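Asks: got a sequence here, can you model it:
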Amino acid sequence: MKVALVHYWLIGMRGGEKVLESLLNIYPDADIYCHVVDRSKLSSKLALAKINATFISKLPFAISRYQNYLPLMPIALEQLDLSGYDLIISSESGPAKGVITRPDAVHICYCHSPMRYVWDMYHDYTRGFGFFKKLIIAILLHYVRLWDYASAARVDHFIANSSYISSRIKKYYGRTSRVINPPVDFSKFNISESVGDYYLCLGQLVSYKRADLAVKAFNLSGKKLIIVGEGEMKDELIRMAGPNVTILGKQSFDSIKFLYANCRALIFPGVEDFGIVPLEAMASGRPVIAYGKGGVLDSIIDGKTGVYFHEQSVDALNSAIDFFELNIDRFNPVYIREHASLFSTEVFEESIRLHIESLMSGSNPNEIN
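Replies: Model prediction:
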C-alpha cells in the first residue's frame, strides 16, 4: 500500500508537525507533501523524510511569507499528482485536504481545525485592517471559504483532534468525525520534588490566547506570574505587566521543562482547538487552571487535574485560582501525570493505526454525528 501524507506547511515543530511525525512512525515509507518546507526547523526524523513541496515553495519569500499565498494554495494542492497512492492522510489546519485522489483511493483527514481565519475567527484576524486591505482580504477569503467547504467532500473520513473540533467539522463541513486526541511526548517531562511560588502562562502571545487576561488578573491579585512566549502582543503585555508579572519571551526546552515542573499551576485563559501545553504541564505533575471551553474539555478533569473557570474575566480567573489554593491537596502530582499518560505518543499511534485499519477493511467505526 502506497501512502501519502499531506501537510499544510513545514516551518517548525508545533502540535501539527508532531502529529505528522507520528503518522510517519506508523507509515515510515510514506511520501510527504506540503506547500513550503524549512528542513532546518524540523525534527531529524521529518528533516530526513521524503518531502515534496507545491509550487508555492518556488514563489518569492515563500518560507517567511507563505501566508500571503493562501489564495493560491487551493490551486497548488490540485496540481499534486497523487494517482499512485492507495491511502492519503491529510493533516488539516491550513489548506491540505483539497488534494485530488483517484476514485478507489482512501482519503482520511486528520483535522486539527477548520481554517480559523476563514471561519469562526475571520473577524478577529481582520480587525484593525484598513478599508482597502479588509476589502481585498474579504474577496480572497470568500473564494477560499467556498473552496474549503467544497473540498471537504473530497475526504472519505474525518478524524478530529478534539470533541470541540468535531463539532466545528459538523458545523462548517456538515461531516461526521471520529475524535482521536493528538499526542504529547510524555517521556520528556517529569515531576519535580519541589514547587515554586509562581504560576505559569505559556504559548504564542497573540490576542485569542488571552495572555492579557492573565496579566490583568495577576496585576490585581499580586500573585507571581511568569509568561513564556513570543508574538504580536508581547510589547503590549510588557507595558501592562505589574512588578509581580515576568515576561520571559522565548525559552529553551530545558527551561520550559523546569518551569512546568516547578510552577504552582499552569494558567490557560484562551480557547484552543485541543491544547498540547496543558498536557505538557500535566505530564509534569502540575494542574491547569483553564477557561472551560474548547479542546481542554477533553483533557482536564475539573477538581482533579485542574480547575475550570467559565467566563473570560479577571474575577472568574482569580476565583478559580483562589479555589485551587484553598483545595490544593486535591491535586496529586502522580495522579495528574498518570492522567496525562493517556495522551501519550504510543496511545495516539496505536489508536490511529487501529482506526485506519478498520476504515481500510471496510468496517464502520463510530463517528460523532
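Asks: pLDDT-wise, which helix or strand of this protein ranks last?
Replies: helix 122-126 (a mean of 71; mean pLDDT, DSSP states H and E).
Asks: go through the helix or strand that that helix is followed by and flag the buried ones.
Replies: Moving toward the C-terminus from helix 122-126, the next helix or strand (DSSP states H and E) is helix 131-151. For helix 131-151, a neighbour-count test (16 or more other C-beta atoms under 10 Å) marks I137, L141, V144, R145, W147, D148, S151 as buried. Every residue, glycine included, has its C-beta placed from N, CA and C.
Asks: and which of the residues you listed is nearest to P287?
Replies: D148 (37.1 Å; C-beta to C-beta).
Asks: contacting residues for the closest one?
Replies: P95, G98, P114, M115, V118, W119, Y172 (C-beta atoms under 8 Å, 6 or more residues apart in numbering).
Asks: next, I247: secondary structure please.
Replies: On the three-state scheme (DSSP: H, G, I helix; E, B strand; the rest coil), I247 is labelled strand.
Asks: in JSON lines, list the buried residues of helix 131-151 along with distance to C34 and pLDDT.
Replies: Shown next, in JSON lines, are the buried residues of helix 131-151 (distance: C-beta to C-beta, whole Å; pLDDT from 0 to 100):
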{"residue": "I137", "distance to C34": "24", "pLDDT": "81"}
{"residue": "L141", "distance to C34": "21", "pLDDT": "86"}
{"residue": "V144", "distance to C34": "18", "pLDDT": "89"}
{"residue": "R145", "distance to C34": "22", "pLDDT": "90"}
{"residue": "W147", "distance to C34": "18", "pLDDT": "92"}
{"residue": "D148", "distance to C34": "17", "pLDDT": "92"}
{"residue": "S151", "distance to C34": "16", "pLDDT": "94"}
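Asks: mind putting these into a markdown table with distance to L10?
Replies: Listed next are the buried residues of helix 131-151 as a markdown table, based on distance: C-beta to C-beta, whole Å:
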| residue | distance to L10 |
| --- | --- |
| I137 | 25 |
| L141 | 23 |
| V144 | 20 |
| R145 | 24 |
| W147 | 22 |
| D148 | 20 |
| S151 | 20 |
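Asks: what's the most distant pair in those residues?
Replies: Within the buried residues of helix 131-151, I137 and S151 form the most distant pair, 20.1 Å apart (C-beta to C-beta).
Asks: how about the strands in this structure?
Replies: Taking DSSP state E to define them, one finds strands in the chain at 3-6, 31-34, 51-53, 87-92, 106-111, 157-160, 177-179, 198-202, 224-228, 245-249, 266-268, 288-291, 306-309.
Asks: what mean pLDDT does the last one get?
Replies: Within the predicted structure, the mean pLDDT of strand 306-309 is 97.
Asks: quick one: it to chain centroid distance?
Replies: Its chain's average C-alpha position is 20 Å from that of strand 306-309, according to C-alpha atoms, centre = their mean, to the nearest Å.
Asks: check which helices and strands it is in contact with.
Replies: Judged by 3 or more C-beta pairs under 8 Å, 6 or more residues apart in numbering; DSSP states H and E, strand 306-309 is in contact with strand 288-291, helix 314-326.
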